[in-house]
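1. 3D, please:
(chains A, B, C, D and E)
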Amino acid sequence: MNRSILTVVMIGLLVWSCADTAQAAADREKLLKDPGVYGSFAVFKIDGDWWRLDKTTRGSAAAEVKAIFQKHADTVTADTYLLRGLSEKADFFVRVHSMEMLNNQNFLVDLMGTTFGKYIQNTDTFNGITKMANYVPAFPDVLKEAMKTPPDPGPKSYVIVVPIRKDAEWWITAQDGRGTMMKEHADATVTYLKTVKRKLYHSSGLDDLDFITYFETAKLDDFNNLVIGLQRVNENHHNKQFGSPTLLGTIHSLDDILEIFSR
Amino acid sequence: MNRSILTVVMIGLLVWSCADTAQAAADREKLLKDPGVYGSFAVFKIDGDWWRLDKTTRGSAAAEVKAIFQKHADTVTADTYLLRGLSEKADFFVRVHSMEMLNNQNFLVDLMGTTFGKYIQNTDTFNGITKMANYVPAFPDVLKEAMKTPPDPGPKSYVIVVPIRKDAEWWITAQDGRGTMMKEHADATVTYLKTVKRKLYHSSGLDDLDFITYFETAKLDDFNNLVIGLQRVNENHHNKQFGSPTLLGTIHSLDDILEIFSR
Amino acid sequence: MNRSILTVVMIGLLVWSCADTAQAAADREKLLKDPGVYGSFAVFKIDGDWWRLDKTTRGSAAAEVKAIFQKHADTVTADTYLLRGLSEKADFFVRVHSMEMLNNQNFLVDLMGTTFGKYIQNTDTFNGITKMANYVPAFPDVLKEAMKTPPDPGPKSYVIVVPIRKDAEWWITAQDGRGTMMKEHADATVTYLKTVKRKLYHSSGLDDLDFITYFETAKLDDFNNLVIGLQRVNENHHNKQFGSPTLLGTIHSLDDILEIFSR
Amino acid sequence: MNRSILTVVMIGLLVWSCADTAQAAADREKLLKDPGVYGSFAVFKIDGDWWRLDKTTRGSAAAEVKAIFQKHADTVTADTYLLRGLSEKADFFVRVHSMEMLNNQNFLVDLMGTTFGKYIQNTDTFNGITKMANYVPAFPDVLKEAMKTPPDPGPKSYVIVVPIRKDAEWWITAQDGRGTMMKEHADATVTYLKTVKRKLYHSSGLDDLDFITYFETAKLDDFNNLVIGLQRVNENHHNKQFGSPTLLGTIHSLDDILEIFSR
Amino acid sequence: MNRSILTVVMIGLLVWSCADTAQAAADREKLLKDPGVYGSFAVFKIDGDWWRLDKTTRGSAAAEVKAIFQKHADTVTADTYLLRGLSEKADFFVRVHSMEMLNNQNFLVDLMGTTFGKYIQNTDTFNGITKMANYVPAFPDVLKEAMKTPPDPGPKSYVIVVPIRKDAEWWITAQDGRGTMMKEHADATVTYLKTVKRKLYHSSGLDDLDFITYFETAKLDDFNNLVIGLQRVNENHHNKQFGSPTLLGTIHSLDDILEIFSR
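-> Residues are numbered from 1 along each chain as shown, chains lettered A, B, ... in the order given. Below you'll find the predicted structure:
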């Protein structure tokens, strides 16, 4: 028994150390910036049984997880986040990007097939695709310019994910009418471009959502004010679902996450 | 114990190899095309306990499942799909067609009675019936012609199932008024006929739904755009339920599915 | 242990064989036809543990269940239905009729107190009372006559139960206004009187429902069309709840049901 | 082990027999009639494990429960009701009255701390306070007089609890407007004052409810007609929640309830 | 085994007794009064298994919990409340304040990582931030003065937490219009300032809420009247969610809470 655990640990470490990440890895920058990329947010809650396993077992299970991340590193890029303590709904989530939804599925099926995977419940999965900006091209130049404000450098500790569904009225409104509302929406965000990073995924038909909105920030007070600003524009009349669940967590490397779960 | 497992495996294989599929099988083409066919979508989540069984047990359980598919092959046709990784709600679903709902029930009761069946939860079942097209006969000829566009050849990896319920207003609207809205709906689909295959089931009274809409595609970006197009027509005002759950998965043979669950 | 099982089986058989069903039994015809009869629909899902019991235990548990049905046969009449395979919500339900709700409760408490009862979850219970027709007396004679059409002879395989709740507007509408809407509703049913049998229970205050509608049919395509017809009349505007859950199943004797669960 | 069970049983019996109920008991009449009394309806479902315990264990657990009822008899009065068989949501509930909500909590914490308490799930708790009648003083004398009709003597077998929440419109309507609607409501109840006993608790801020309405009757057909009558008055437009859950059960002494659960 | 328990107990006591609470502790007064403080309400239900542990194990687990509270005492202030008996949803909750949400998370992750933490389910977490009063500056002086009424001295036994979400209409209304409604709201609270203490947290974007309202009182009848008063003002039209869940409980020190759970 001990020996087989050791083997798994060693294989995990071997895979990890040998992988030439610079060469084999999916092009992370491209996946995080380009349109036409598929994103899956897989949210998990850990079973009570997990915490009652001994440390060695949990440690070797963690090594198996790392090996799976490595195995898929040439097709998917995966980021990890800690929800535990700030959300009753789940303990962590993984954001997966790739050029084909099938790659996301293959990675997640493998992750759920590990020893650790047998002790986690998949409580939510949001699927989406990235696209070119829809309304920005018609915005006034001054707003377009303002929207290019880069976020302040420095680490952003917090992540917030807000799934959104629009009402029928929204979709049936002509492009112009929606554009006017989205301009008002964009105006409300300008003040917070430096402290709140954001990314948008389109979900209609890929999930019971229209959009997944993803945010990173070091200042939750600014984020609270940003959301209040967005609630005050007309476009908010058309949000049939805004959050529910809102996921609030902190950004952590896979190593950090696994360390917290192996304590 | 080992011996009884062997027996089950051998019986399974025997049934499988001996069945003269060409002769005994339900007429698959007919069931997939004709009106008056009953379809049941049985959605399942696998219990945590399953994954902790040893490989031999899982292997022999898989053989039992194949035997059940064979046993009912002369009355039902059954297709299998993998949801795991892309949906938190379930791991796989089976789409069953036959000339009588009772056949669907008998098959599913037998499936749930296998060893594997004792480790799965039936999380959703959608029941419906196929019918002649209701609004198409009154469409303009040019639209009728366009709707005959065959889907591009080649495999379609992805499946999407969207259950739908209409509001009272929809049903009380006269046939003409509904026809006008459905023409607008059909117009929005023309662009995607080559890349998205579709099939419709009627569910009023057979389930808490009015329609089950089923799609196959190799291009999820096209499917996302198709759904956005459908959200932009007036008929969308009358969708009391659209999805919830939307099932997004991949198309796999029974052998593939069982292999994935026996790893 | 084996001996006590044998005893239970023998007592069960004894009770069963000795009961003079002709004399002791509740007047089934009266209970199924008269107003003022209390009906309870008790819906159950079987625990996973049940299916892992050995056949002998399941067989003797089945005998216990039969004995309970016999024990209460002089006060309640109970019919059994199989949902498994066609509904994710439950595996079977029992429809109980008697002259006092207390009799229904006593029977169901005893049923749930058997060995089998310890392996089932009561997922839903609908309670109602039968009454004289409310709107029919004011219908035109030709409709009254049409409504007397007897159902076609021959077995009806399928059962459908649809719980219904009306909105406040419905109840506050005067008797005349409701009568006009119910005439339109009745007109829509005439075509299907031969192939769809129906029965109505009133539930206001006895459950979170206003009505339980119960149907038997051999032709589910007719039933689908009947429901579409009912959705197209004005009374449908006032259905705050229609189904949810709709129970679709097949009609089976207690012996059949127990045989299926003892396989 | 047997000895400790015996001890518990004996202590239970001792406490029970020695308690001078006439002197120590909370003033039941006062608690059931006065304004300013706090009522808690604690609803429970029994775990499957309970039914698999042997009879001796269940018997001694029942004695423990009786001892807790006695221990708190000088501060709370507690009534017990059987839901099992008539409601899928729970098996029984306890209605607790006292002069301070804290007393209700202390009693219920102790009850849930018994051996029996470890095998029950608290599925619902409704909290409220009794008050002087709000609208009656302004009713016409003839209605005031009619409302004094005492209920018929004789046992009432059935209990029904209906939690209610009003919409914002109701609360914002002036006292006069609400009074007019409540007079209409009261008029609808007059016919049933003899056969349906009732009691009202106010819950705003103490629970996610505005009112808990409690009824006792021997005639469920009358109760069904009473509720239909109440659905037909304008005040019903303002019931955002009416029931959900409606609790229908039978009135039983603690001894009866414990006997049923110890069978 | 016994020895390791003893060690944990002793370390817990040591940490507890040695901590120089006056010096190391977070500035409790500041955290409870200042704007810009992050509050997390973590609500828990205890597993059935916990109550079946022996007293010694539960006692040493309690000591571990105390040690965690001490470990984080320099960054967070944490208050504890008992819900058991008055709410079916949970047994207790912890209100955590600190200058960074990350501190709240770290504390709660550690709490959930204790032995006790393995036996509790996190059923709800509400996150918010304190801010300067938004509408008060524009209130008339007489109302401003009235709002400074200090609460009566003496212990407040009861706690009530009411999460609130406003509709789009509210947010889109201009500051003036909202101010008028909030003045009406404030007027309704004046009568109860002496007997009901209150505190407000802003949650937009940090949770699926807009506000967390927190109350302490010794008089639940006054609190019931206060809420009725608040339901009668126009601002109530804009409460999309008010409670659900409303948490009603009693205020207890950590020692008290742990004693109750160790009985």
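2. which stretches of the stretch 151-263 of chain A form helices?
-> Along the stretch 151-263 of chain A, counting by DSSP state H, counting those that start in this stretch, helices occupy A:168-172, A:175-189, A:220-231, A:254-262.
3. and the angle for the second one with helix A:220-231?
-> In this case it means helix A:175-189. 150 degrees (axes from the mean of the first three to the mean of the last three C-alpha atoms, to 10 degrees).
4. Check which helices and strands helix A:175-189 is in contact with.
-> helix A:141-146, helix A:220-231 (3 or more C-beta pairs under 8 Å, 6 or more residues apart in numbering or on different chains; DSSP states H and E). C-beta: built from backbone N, CA, C; applies to glycine.
5. Take those helices and write them to JSON lines, including mean neighbour count and distance to E:His237.
-> Converted to JSON lines, those look like this (neighbours: other C-beta atoms under 10 Å in any protein chain shown; distance: least, C-beta to C-beta, whole Å):
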{"stretch": "helix A:141-146", "mean neighbour count": "12", "distance to E:His237": "34"}
{"stretch": "helix A:220-231", "mean neighbour count": "21", "distance to E:His237": "17"}
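6. how about stretch A:160-167 against chain E, any contact?
-> Yes - using C-beta under 8 Å from any C-beta of the partner chain, we find that stretch A:160-167 touches chain E at A:Ile160, A:Val162.
7. Which positions within that stretch qualify as buried?
-> The neighbour-count check on stretch A:160-167 (16 or more other C-beta atoms under 10 Å in any protein chain shown) flags A:Ile160, A:Val161, A:Val162, A:Pro163, A:Ile164, A:Arg165, A:Lys166, A:Asp167 as buried.
8. I'd guessed the third one sits against A:Phe215; true?
-> Yes - taking C-beta atoms under 8 Å as the contact criterion, A:Val162 and A:Phe215 are neighbours in contact, 7.5 Å apart.
9. For chain E, state which of the buried residues of stretch A:160-167 is nearest.
-> A:Ile160 (6.5 Å; C-beta to the nearest C-beta).
10. show me the contacts for that closest one.
-> A:Tyr214, A:Phe215, A:Thr217, A:Phe223, A:Thr246, A:Leu247, A:Leu248, A:Gly249, E:Gly205, E:Leu206 (C-beta atoms under 8 Å, 6 or more residues apart in numbering or on different chains).
11. where does the spatially most central residue of chain A land in three-state SS?
-> Centre of chain A computed as the mean C-alpha position; nearest residue by C-alpha atoms, centre = their mean is A:Arg95, 3.7 Å away. The three-state label given to A:Arg95 by DSSP: H, G, I helix; E, B strand; the rest coil is strand.
12. Can you tell me the closest non-neighbouring residue to it?
-> A:Asp79 (4.6 Å; C-beta to C-beta, 6 or more residues apart in numbering or on different chains).
13. Likewise for A:Asp34?
-> A:Thr130 (6.8 Å).
14. Could you tell me how far the one you found is located from A:Tyr201?
-> 6 Å (C-beta to C-beta, to the nearest Å).
15. Please identify every residue contacting each of the two.
-> With C-beta under 8 Å, 6+ apart, A:Thr130 and A:Tyr201 have common neighbours A:Gly39.
16. Settle it for me: which of those two has more neighbours?
-> Neighbour count, other C-beta atoms under 10 Å in any protein chain shown: between A:Thr130 and A:Tyr201, A:Tyr201 has more, with 27 against 18.
17. Chain E contacts on the stretch 101-250 of chain A?
-> A:157-158, A:160, A:162, A:220-221, A:223-224, A:226-228, A:231-234, A:236-237, A:239, A:243-246, A:248, A:250.
18. The nearest residue to A:Lys89 once chain neighbours are set aside: neighbour count?
-> Nearest non-adjacent residue to A:Lys89, counting by C-beta to C-beta, 6+ apart: A:Pro245, 5.4 Å away. Look at A:Pro245: counted by other C-beta under 10 Å, it has 19 neighbours.
19. wait, doesn't A:Pro245 sit right on E:Asp208?
-> Yes - with contacts counted by C-beta under 8 Å, A:Pro245 reaches E:Asp208, the gap being 6.5 Å.
20. Tell me where chain A has strands.
-> Residue ranges of the strands in chain A, as given by DSSP state E, are A:38-46, A:77-82, A:92-98, A:120-129, A:158-166, A:196-202, A:211-217, A:239-242, A:247-252.
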